[in-house]
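> Need a 3D model of the following:
(one chain, ligands or ions: 1)
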Amino acid sequence: MKHIILMGFMGCGKSTIGYKLSYKLKKCLIDTDSLIEEKEGISISEIFATKGEAYFRNLEVACLHALKEELDTRIISLGGGTPLKEENRGLIKELGMVIYLKASPETIYERTKRNNKRPLLQCENPRERIEKLLEERNPIYESVADVIVQVDNKQAQEVVDYIAEEILNEVINH
Ligand code: S3P
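Numbers count the residues shown, from 1 in each chain. This is a model prediction of the structure:
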């Protein structure tokens, strides 16, 4: 294993869990959305609004290629749509152990409804959009994942402890 990659739908907790896991394991956290925002000098919402989604998706590809150069073990938190491009799926898997943080549409809706930073959910009926996108994406997430962790009704710290103590310990000790 090289890096630990957190993957999943918007609002599943990748950033919070990534932050706490990075603290617990004393490994640096890389958040691909933040890397892209830093590189472009504008927010994800502004990138979508001024340059479009396709442009953003290409930035995600470039970001994954750049991460291949990262030598030390990192916790990597991906954007929810990063595995959508087929070429990205192989790139993600090559980076290390992929953990899919799996959440139900209800959990996602509850966690995202008060946040306006996600352009794909700024629509008339975000709940319906979540269900539709999740239905399309779930098989993709499952095909890329090495491990699936259910996050519904769990506190972030609980998930972090489970990943560190059950999943990673298992990998390290075998
Ligand atoms: C997206 C998820 C977002 C961000 C962009 C698109 C998606 O990241 O990359 O708004 O397509 O699911 P988070 O999953 O961190 O919200």
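> Regarding this protein, what is its longest strand?
The longest strand of the chain (DSSP state E) is strand 96-102.
> Now do that strand: which elements does it pack against?
Where contact means 3 or more CB pairs under 8 Å, 6 or more residues apart in numbering; DSSP states H and E, strand 96-102 is packed against strand 3-7, helix 126-144, strand 147-150. In this view, the C-beta of every residue, glycine as well, is placed from N, C-alpha and C.
> Which of those has the highest mean neighbour count?
strand 3-7 (a mean of 25; mean count of other CB atoms under 10 Å).
> Give me the buried stretch members for the following helix or strand past that strand, please.
Using DSSP states H and E, the next helix or strand after strand 3-7 towards the C-terminus is helix 14-25. Residues 14, 15, 16, 17, 18, 19, 20, 21, 22, 24, 25 are the ones in helix 14-25 that count as buried (16 or more other CB atoms under 10 Å).
> what's the model's confidence in stretch 90-98, averaged?
For stretch 90-98, mean pLDDT is 97.
> Out of the helices and strands packed on strand 96-102, the one nearest residue 31 is which?
Nearest to residue 31 among the helices and strands packed on strand 96-102 is strand 3-7 (9.3 Å), distances taken as CB to CB.
> Give me the distance between that closest one and the centre of its chain.
8 Å (CA atoms, centre = their mean, to the nearest Å).
> Now do it: which elements does it pack against?
Under the contact criterion of 3+ CB pairs under 8 Å, 6+ apart, strand 3-7 touches helix 14-25, strand 75-77, helix 86-95, strand 96-102.
> ok, that strand: who's next to it in the sheet?
strand 75-77 (parallel), strand 96-102 (parallel) (DSSP bridges).
> Can I get those in CSV including mean neighbour count?
Output for the strands paired with strand 3-7, formatted as CSV (neighbours: other CB atoms under 10 Å):
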stretch, mean neighbour count
strand 75-77, 28
strand 96-102, 22
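> how distant is whichever strand or helix holds residue 161 from the center of its chain?
For residue 161, the element it lies in under DSSP H and E is helix 156-162. The chain centroid and the centroid of helix 156-162 are separated by 16 Å under CA atoms, centre = their mean.
> what sits up against that helix?
The contact list for helix 156-162 (CB atoms under 8 Å, 6 or more residues apart in numbering) reads 13, 16, 17, 20, 21, 24, 101, 149, 151.
> Output the following helix or strand past it as PDB, restricted to C-alpha atoms.
The first helix or strand that comes after helix 156-162 along the chain, using DSSP H and E, is helix 169-172. Only the C-alpha atoms of helix 169-172 are listed here, as PDB (Å, rounded to 0.1, in the frame of the first residue of the first chain):
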ATOM      1  CA  ASN A 169      -4.200  -2.700  11.000                       C
ATOM      2  CA  GLU A 170      -5.400  -5.700   9.100                       C
ATOM      3  CA  VAL A 171      -3.400  -4.700   6.000                       C
ATOM      4  CA  ILE A 172      -0.300  -3.800   7.900                       C
END
